[in-house]
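Peer 1: With the sequence up front, the predicted model follows.
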Amino acid sequence: MSVLSVVLPAYNEELMAGKACVTLGNLLQNAGIPYELVVVDDGSKDHTWSEIQKAAKKDRNIVGVHFSRNFGKESAVFAGLAQASGDVVAVMDCDLQHPPQKLLEMYHLWEDGYEVIEGVKSSRGKESFFHKESAGFFYDIMTKATGVNMKNTSDFKMMDRKAVDSILSMPERNMFFRATSSWVGFKTAFVEFDVQKREAGESKWSAWSLIKYAFTNIVAFTTLPLQFVTVGGAVCFVLSAILGIYSLVQYFTGHAVEGYTTILIVLLLVGSAVMMSLGIIGYYISKIYEEVKHRPRYIISEIVHGEENGSVKIKQDNTGR
Ligand code: UDP
Ligand code: MG
């Protein structure tokens with residue numbers, strides 16, 4: 001039977017990591033699905049790593065990956081995909097906000113021949129007003145920019161080996177996993193799920209990190225903002241033509257008015273438009289710079305493989321390119 005790998009990124013999840021392993025292990029064992037849990041500790045500052053090691057002692061199907069520091073969720077997902085050896089790989093949050101039972105539904109869809117199974121949020125769960133609105137705004141932009149409906153998409157997915165390998169073969173460092181899985185194509189199915197309440201621990205997202213996440217991912221996925229610069233320039237050009245003709249007419253008809261205020265306003269407007277455009281271009285350049293440096297996406301300090309006799313096999317590794 002085909003092995004299912006489940007990738008679980010974990011950052012400061014000492015309260016949930018062990019529990020997620022037990023819950024998923026029991027669920028998949030009862031369903032008779034051969035499985036492997038790849039838990040990636042994204043450089044947690046709490047006891048997440050020792051929880052994962054403990055879990056690996058109890059369940060030989062657990063692979064624990066420990067980052068040398070916090071590299072962010074996208075990197076953790078990527079590392080998990082790289083370590084996963086299953087014929088089909090699922091990615092889900094290790095706080096169990098993605099309902100584990102849905103894995104079975106996804107697995108059956110995969111058996112039916114679907115190659116990418118996307119989890120779609122039917123409700124967003126409990127979120128603050130700010131969180132909801134800013135997420136909505138971000139996904140509106142992403143939807144327009146990519147042509148892929150990003151609303152209610154999630155990082156809860158299951159992918160066939162083919163799709164996983166094509167994602168792994170992409171060279172870019174700044175990867176937006178949520179959109180990339182639909183970008184690679186393949187025969188896709190959707191599974192709706194309700195976001196569960198977080199049982200323990202807290203969300204890792206601050207308002208600032210959400211804003212950063214939004215900008216990084218927009219830039220990682222689309223060059224639309226660069227076209228805004230062009231459009232903004234065109235609008236400025238039309239306005240300046242109108243204003244130019246108007247002032248010339250005024251001048252030749254002998255009505256040239258004192259222009260200090262007008263000049264000041266125009267100068268300030270044009271100045272800020274130019275600086276903002278430079279900012280957008282600069283942001284893309286900084287991302288290009290990060291890409292060409294070609295640094296590894298993550299650095300692994302330790303990998304443990306659960307073993308039958310209760311001990312764990314530890315391997316030092318330092319890949320991630
Ligand atoms: N996560 C991670 N690295 C980070 C931040 C988060 O691996 O830098 C993991 C986290 O442990 C969890 C998942 O990403 O499994 C989703 O994070 P969280 O629950 O904080 O986000 P939310 O559900 O509130 O959107
Ligand atoms: Mg969560």
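Peer 2: Looks like it came in fine. Ligands and ions are numbered 1, 2, ... in the order given.

Peer 1: helix/strand/coil for the residue in the chain sticking out farthest from the centre?
Peer 2: Note on the chain: the largest C-alpha distance from the chain mean falls to residue 254, namely 61.3 Å (C-alpha atoms, centre = their mean). Following DSSP: H, G, I helix; E, B strand; the rest coil, we place residue 254 in the coil state.

Peer 1: so who does it touch?
Peer 2: By C-beta atoms under 8 Å, 6 or more residues apart in numbering, residue 254 lies in contact with nothing. Every residue, glycine included, has its C-beta placed from N, CA and C.

Peer 1: and the closest residue in space to residue 35 that isn't next to it in sequence, what element?
Peer 2: Excluding its sequence neighbours, the residue lying closest to residue 35 (C-beta to C-beta, 6 or more residues apart in numbering) is residue 28, at 4.1 Å. Element membership of residue 28, judged by DSSP states H and E, is helix 17-30.

Peer 1: Which strands or helices does that helix pack on?
Peer 2: Helix 17-30 is packed against strand 4-10, strand 35-41, helix 48-58, helix 101-111, with contacts defined by 3 or more C-beta pairs under 8 Å, 6 or more residues apart in numbering; DSSP states H and E.

Peer 1: Touching the first one from outside, list them.
Peer 2: Counting contacts by C-beta under 8 Å, 6+ apart, the residues outside strand 4-10 that touch it are 16-17, 20-21, 24, 28, 33-42, 44, 48, 52, 73, 76-77, 80-81, 84-94, 103, 107, 158.

Peer 1: List the strands paired with that strand, with their directions.
Peer 2: strand 35-41 (parallel), strand 88-91 (parallel) (DSSP bridges).

Peer 1: Compare these and report which one is nearest to ligand 1.
Peer 2: strand 35-41 (6.8 Å; C-beta to the nearest ligand atom).

Peer 1: If you average the pLDDT over the closest one, what comes out?
Peer 2: Strand 35-41 shows a mean pLDDT of 93.

Peer 1: now it and helix 48-58, what's the angle there?
Peer 2: 160 degrees (axes from the mean of the first three to the mean of the last three C-alpha atoms, to 10 degrees).

Peer 1: Distance from the chain centre to strand 35-41, please.
Peer 2: Offset of strand 35-41 from its chain centre (C-alpha atoms, centre = their mean, to the nearest Å): 18 Å.

Peer 1: what's the answer for stretch 200-220, then?
Peer 2: Relative to the chain's own centre, stretch 200-220 is displaced by 9 Å; criterion: C-alpha atoms, centre = their mean.

Peer 1: before we move on, the earlier item: in ChimeraX, select just the buried ones from the contacts of strand 4-10.
Peer 2: In ChimeraX, this line selects whichever of those come out buried by 16 or more other C-beta atoms under 10 Å:
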select :16,17,20,21,24,28,33,35,36,37,38,39,40,41,42,44,48,52,73,76,77,80,81,84,86,87,88,89,90,91,92,93,94,103,107,158
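
Peer 1: Would you mark the buried spots in the helix or strand hosting residue 292?
Peer 2: Secondary structure from DSSP H and E places residue 292 in helix 260-293. Residues 277, 283, 287 are the ones in helix 260-293 that count as buried (16+ other C-beta under 10 Å).

Peer 1: So which of the residues you listed is the closest to ligand 2?
Peer 2: residue 287 (26.6 Å; C-beta to the ion).

Peer 1: number of nearby residues for the closest residue to the closest one other than its chain neighbours?
Peer 2: Closest residue to residue 287 apart from its sequence neighbours, by C-beta to C-beta, 6+ apart: residue 219 at 5.3 Å. Neighbourhood size, residue 219 [other C-beta atoms under 10 Å]: 20.

Peer 1: same question, residue 100
Peer 2: By other C-beta under 10 Å, 17 other residues sit near residue 100.

Peer 1: which ones are touching it?
Peer 2: Applying C-beta under 8 Å, 6+ apart, the residues near residue 100 are 23-24, 27, 92.
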